[in-house]
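J.: pasting the structure only:
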C-alpha cells in the first residue's frame, strides 16, 4: 500500500509541437533515467521516447511510449506527500502523440491513467488539438495539471494561456506561479504558495536555486496569490471559513485544497516554464507528486459484469483478486508485447491468468517494465502498476483476472473514432503480397483505428484510417520494416448515407414451398437518430423494442434487430454505409409453425430497405476542422483558397508573433494535396492541422457527382 501511495500514473498530452516529448526528456534527465538530453529534432540519437526511425526523421511522436522514473525531490530533498510518505515517488509516464491522426494512442493511454499534464504553448495557448485532448481527458475523468511551455519565446503570455483555459475549455484555471523575466529574458518562476523564487542553474538546469521573491514582482505576487487563495479555498470549508475571517491559511492547508480541487476535476492549477531551456520542470514534478492522485486516491476503476450488465467497482489493493487490462499491443521480433494496467491484486512471473473475452487460460512467462523501447525484467507487479507482458496472445482492451470465478468481469474499452479516409494498396507479385499481408495483420492488431478490407466488387485491398499522414506512415512502415514494395492508389473519401425524415414500415415475409414455410411481419417506425437520442458518442444505429402483447414472440426480437442492422452496410444511393437511424419495432404477426429467426430477419431487412428509400435519404461527407497558422501577408490567399475548397471560415485571430490563425471547416474531399498547395502559396511559412469534425450533407451537385462515379465504378467492376 505504501508503494501504491507514492505511485503516480500520468500522461503528457497536447497539441502537436507544444513540447510534450521535450518535457518528457527533461523529466527523464532530472530523475536520472537518462544522462544526456537529446532534442526531438536535429542531430544526436533523437529523444528517448521517440524511438522509431520515422519519429526521429519527422520530429513527431507516432506511438505512445511508456517509462518509469523515480523523483527524489528538488535537490534530492524528499517531497512530503499529503499521505505522509516521504520517500522517492515512482511516476509511470506515457508520452502521447499530438497529431490527431494518432488520436487512438491518446485515447487508450488516458483510459488507464490516473492523472495527466496538459501541455500548452504559452504563445499559441489553446489550439485545436488541445481541445480534442481535453475532451478525451474529460471522457475518462482524468484529473490534470496545465503546463504553459515555451515561456522563453517571443509573445509568451501566461495570462493569455490561463484565460484560454477558462474561455475555450471551461476550466477553473488558476495560476500557481509568476514568471521571472519575459520572453528571451525568462529566468525562472515565483511560487505563489511560498512566495519563493525558483531559478534553474547549470548547463541543463539541473541545479535549482531557491531565493526570496524579487522586489519588483512582490506586488504582482501578492495580488495573484490572493486570487489563487480565493479559488482554491473553496475546496475545504474550514480553510474557506478561516480565510474569510482574515486568517492566512498555512501552506499545507493550501496544498490540501489544491489537491482536493484537482482530484474532483473542478480545478486546473497552471504551471509554467520552458522545457527546451530546462526551466520549470522540477517544480512541475513536485506538483505532479503533490496534487495528482495515486492509484489509491483516484476514482475507483469499474468493470462490467456480463451476467447483469451492471458496473462494479474494483478495489485498488495488492491483496485483492487480480484484475488487469491490456490497453496497447505491439508485435515485435520475439512475440507480442502487451502493455497492461493492473487495477487490483498481484501478478507474478509464471502465474496463470484468465482472459475474460476468450475465457482461456494464459501463462505469464515474462514481465517487463518499459523505458521507451528499453525493457527491464521484473518478477512481480501489483495494483497501480503499468507494465508489459511478453508473448501473451490477446487483443487490445482484453481483461485478465486471477481465477476463473471472475471471467464475467471486463474492463470497459476505449472510444475508437471511425476512419474517414481510405487508400487502395497492391503489390507486384506474390512474394511482395505475403510481406504486405504480414505487415497489415500486425498493424491491424495494434491500431483499432486502422482498418483493412477487401473491396467485394474489385477484389483490391484497401486500408482506412484517420487521415493522410496516418496511412502514409503505415505505407512507409510496410516498405521499411517488411520490405514490401507497395503501390498506392488515390485516396478515397469515406462517404456515408442517412435519412432526413421519419417513415412508417409494414412488411410481411411469406414463403410457402411445401412443408414448413416462412412467415414474419414487422410494423413500426424509422426515424433519424439525433445526438440527444444517442446512448453513446459514436452510436449510428439504435433499436427500440416496443412490442406489447407478444405479437412478435421475444425469441424473435433479436433476429429482427439483426435484420434491421444488416441493411446499414449499404445504402440505396451509392452503396455507402448508412448511419444515424433509429428503429421502433411496434407491432407484427407470427405463425406458430412457419415463423423462425430467419423469417423475421428477412422481413426486417426488406422493411428496412423500403423504409430508408422512403425516408428522403441523403449522402453525407466527412468535414474536417482545419486550423491554419500563417504570416499575416498570406492571410488573404489562405482564406481565398479555403473558400474555393467549399470551406466555411469560422474565425481568425492574431497571435503575439503577428501570425494569423484561421479556423475553418472543410470537406475532406477538398483537402487532398493541401499541404503542398499551402507551402506554395505561403513560401513554406504556413502550417496547418486537421481533424475530423462531423458528417455533413453533400450539396446536390456533389451528391450527383459522387453517385455517378460510384455507379460507374461498380459497373466497371462487374
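T.: Everything's here; your move. On a predicted model such as this, the values are computed, not experimentally measured, just so you know.

J.: Compute the number of surrounding residues for residue 557.
T.: 16 (other CB atoms under 10 Å). Placement of C-beta: from N, CA and C, glycine included.

J.: The stretch 551-700 of the chain: strands as residue ranges?
T.: 581-589, 617-631, 648-654, 659-667, 687-697 (DSSP state E, counting those that start in this stretch).

J.: my read: residue 693 touches residue 624, true?
T.: Yes: contact between residue 693 and residue 624 holds when scored by CB atoms under 8 Å: they sit 5.9 Å apart.

J.: Find the nearest non-adjacent residue to the residue positioned nearest the centre of the chain, please.
T.: What sits nearest the mean C-alpha location of the chain, by CA atoms, centre = their mean, is residue 107, with 2.6 Å. Nearest residue to residue 107, sequence neighbours excluded (CB to CB, 6 or more residues apart in numbering): residue 414, at 4.8 Å.

J.: Quick check: the gap between that neighbour and residue 354.
T.: Distance, residue 414 to residue 354, using CB to CB, to the nearest Å: 21 Å.

J.: With residue 13 instead?
T.: 33 Å.

J.: Surely residue 343 is in a strand?
T.: Yes: checked against DSSP: H, G, I helix; E, B strand; the rest coil, residue 343 lies within a strand.

J.: Residue 483: what's it in contact with?
T.: residue 435 (CB atoms under 8 Å, 6 or more residues apart in numbering).

J.: Would you report the backbone torsion angles of the nearest residue to residue 264 once chain neighbours are set aside?
T.: Nearest non-adjacent residue to residue 264, counting by CB to CB, 6+ apart: residue 235, 7.0 Å away. Phi and psi for residue 235, reported as degrees, to the nearest 10, are phi -90, psi 10.

J.: lowest-pLDDT helix or strand in this structure?
T.: In the chain, the helix or strand scored least confidently by mean pLDDT, DSSP states H and E is helix 53-58, which has a mean of 58.

J.: and the next helix or strand along the chain from that helix, how far out from the chain's middle?
T.: Next helix or strand after helix 53-58 toward the C-terminus (DSSP states H and E): strand 65-71. In terms of CA atoms, centre = their mean, to the nearest Å, the centre of strand 65-71 is found 20 Å from the chain centre.

J.: I'd like to check what contacts the helix or strand just after strand 65-71. Which residues are they?
T.: The C-terminal neighbour of strand 65-71 among helices and strands, as given by DSSP H and E, is strand 89-95. Strand 89-95 is contacted by residues 3, 6-12, 20-21, 24, 27, 31, 49, 61, 64-71, 79, 81, 109, 113, 285, 288-289, 385-386 when judged by CB under 8 Å, 6+ apart.

J.: So what angle separates the directions of strand 89-95 and strand 65-71?
T.: Counting by axes from the mean of the first three to the mean of the last three CA atoms, to 10 degrees, strand 89-95 lies at 160 degrees to strand 65-71.

J.: Quick check: can you name the pairing partners of strand 89-95 and their directions?
T.: strand 7-14 (parallel), strand 65-71 (antiparallel) (DSSP bridges).

J.: what's the pLDDT at the nearest residue to residue 442 once chain neighbours are set aside?
T.: Nearest in space to residue 442, with sequence neighbours left out and distances taken as CB to CB, 6+ apart, is residue 331 at 4.5 Å. pLDDT for residue 331: 74.

J.: Residue 78 now?
T.: For residue 78, the predicted pLDDT is 44.

J.: which residues in the stretch 351-500 of the chain form helices?
T.: Using DSSP state H, counting those that start in this stretch, the helices of the stretch 351-500 of the chain run over residues 430-446, 468-482.

J.: Deepest-packed of these, please.
T.: Scoring the helices of the stretch 351-500 of the chain by mean neighbour count under mean count of other CB atoms under 10 Å gives helix 468-482 as the most buried, with a mean of 19.

J.: returning to that earlier point: who's in contact with the residue nearest to residue 107?
T.: Contacts of residue 414 (CB under 8 Å, 6+ apart): 104, 107-108, 111, 327, 397, 448.

J.: 6 Å - rerun?
T.: 107-108, 111 (CB atoms under 6 Å, 6 or more residues apart in numbering).
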